[in-house]
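no FASTA, just this:
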Ligand SMILES: O=C(CO)COP(=O)(O)O
């Protein structure tokens, strides 16, 4: 095993310079467990500001990027631009991008391939809706979303897979450790069969959806949960406790 614990914060479309200053102050104060990779997803307009302020043990990620380096795509940013300002990470395929902005499995996979080709690391998000879970479709959905990515990429070294059940995002309804572990273990089986045993062993699969300082320790004890992608709680000092959940 030996998968390094990974905790991402996703600020979504929140904050301003003053708010970011506050977040960075608690990130600097830490203390942050050196055995954890910490990455915070920042709105595009503040990426360079956050990069300049963040301590060295916290990386800054973009929350989205388009599938080509440049061109007539008003309002978009590219992986090349993210790399150009000195950043290494991008979040792709978040359920809000899929549901609100109509991103298909195919587009998320194309974006993932392009971002990796451009030298970025990708937090690729997947997850089922409540209706899909209730219809017994959870596995089919997360396998389909992962398969779309697997069809486009061969090297998974720079990918972190974030399982975020849509019904748990921003709702206060966390998946139980058992529910999350079950899906993560199924994903690992799928990867072993469809990609390779090596990728199945080494790929970090993180959980997102109403993670808090109160539930992170229990979730983090599950064998196939390699970290978290945290929304609301990443804006608060509690985020430090989530980062250190394995201590
Ligand atoms: O969407 C999420 C992280 O990407 C989760 O958001 P919450 O932690 O606010 O539920």
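Good, I have the coordinates. From a predicted model like this one, the values you see are computed outputs, not experimental measurements.

Give me the secondary structure label for the residue sitting furthest away from the middle of the chain.
Taking CA atoms, centre = their mean, the residue of the chain most remote from its mean C-alpha position is residue 72, at 27.6 Å. What DSSP: H, G, I helix; E, B strand; the rest coil gives for residue 72 is coil.

can you pull the buried residues of the longest helix out of those in the chain?
Secondary structure of the chain per DSSP state H: the longest helix is helix 177-194. By neighbour count, with 16 or more other CB atoms under 10 Å as the criterion, the buried positions of helix 177-194 are 177, 179, 180, 181, 182, 183, 184, 186, 187, 188, 190, 191. No exception for glycine: its C-beta is placed from N, CA and C like everyone else's.

would you turn those residues into JSON lines with distance to residue 211 and pLDDT?
Formatted as JSON lines, the buried residues of helix 177-194 follow (distance: CB to CB, whole Å; pLDDT from 0 to 100):
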{"residue": "177", "distance to residue 211": "11", "pLDDT": "97"}
{"residue": "179", "distance to residue 211": "13", "pLDDT": "97"}
{"residue": "180", "distance to residue 211": "10", "pLDDT": "97"}
{"residue": "181", "distance to residue 211": "14", "pLDDT": "98"}
{"residue": "182", "distance to residue 211": "17", "pLDDT": "98"}
{"residue": "183", "distance to residue 211": "15", "pLDDT": "98"}
{"residue": "184", "distance to residue 211": "14", "pLDDT": "98"}
{"residue": "186", "distance to residue 211": "20", "pLDDT": "98"}
{"residue": "187", "distance to residue 211": "18", "pLDDT": "98"}
{"residue": "188", "distance to residue 211": "20", "pLDDT": "98"}
{"residue": "190", "distance to residue 211": "23", "pLDDT": "98"}
{"residue": "191", "distance to residue 211": "23", "pLDDT": "98"}
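
filter those residues down to the ones near the ligand?
Applying CB under 6 Å from any ligand atom, the subset of those adjacent to the ligand is empty.

Could I get the contacting residues of residue 69?
Applying CB atoms under 8 Å, 6 or more residues apart in numbering, we find residue 69 in contact with 78, 79, 80, 114, 118.

For it, which phi and psi angles does the backbone take?
Taking degrees, to the nearest 10, you get phi -70, psi -30 for the backbone angles of residue 69.

again with the one 10 residues further on
Here the main-chain torsion angles of residue 79 (degrees, to the nearest 10) amount to phi -60, psi -40.

And the pLDDT for it?
The model reports residue 79 with a pLDDT of 98.

Apart from its chain neighbours, what residue comes closest to it?
Of all residues not flanking residue 79 in the chain, residue 118 sits nearest, at 3.6 Å (CB to CB, 6 or more residues apart in numbering).

Hmm, the one you found is touching residue 80, no?
Yes. Contact criterion CB atoms under 8 Å: residue 118 and residue 80 qualify, at 5.5 Å.

Which residues outside stretch 73-91 are in contact with it?
Under the contact criterion CB under 8 Å, 6+ apart, stretch 73-91 has outside partners 8, 10, 39, 41, 44, 47-48, 51, 59-66, 68-70, 114-115, 118-123, 125, 162, 229.

Recalculate using a threshold of 6 Å.
By CB atoms under 6 Å, 6 or more residues apart in numbering, the residues outside stretch 73-91 that reach it are 39, 41, 44, 48, 51, 59-63, 65-66, 69-70, 115, 118-123.

distance between it and the chain's centre?
16 Å (CA atoms, centre = their mean, to the nearest Å).

Show me what the longest helix of the chain is in contact with.
Around helix 177-194, the neighbours that count as contacts under CB under 6 Å, 6+ apart are 139, 143, 163, 199, 200, 205, 207, 218, 219, 222, 224, 225.

Please give me every residue in contact with the closest residue to the ligand within the chain.
Using CB to the nearest ligand atom, the closest approach of the chain to the ligand is made by residue 231 at 2.2 Å. By CB under 6 Å, 6+ apart, residue 231 lies in contact with residue 10.
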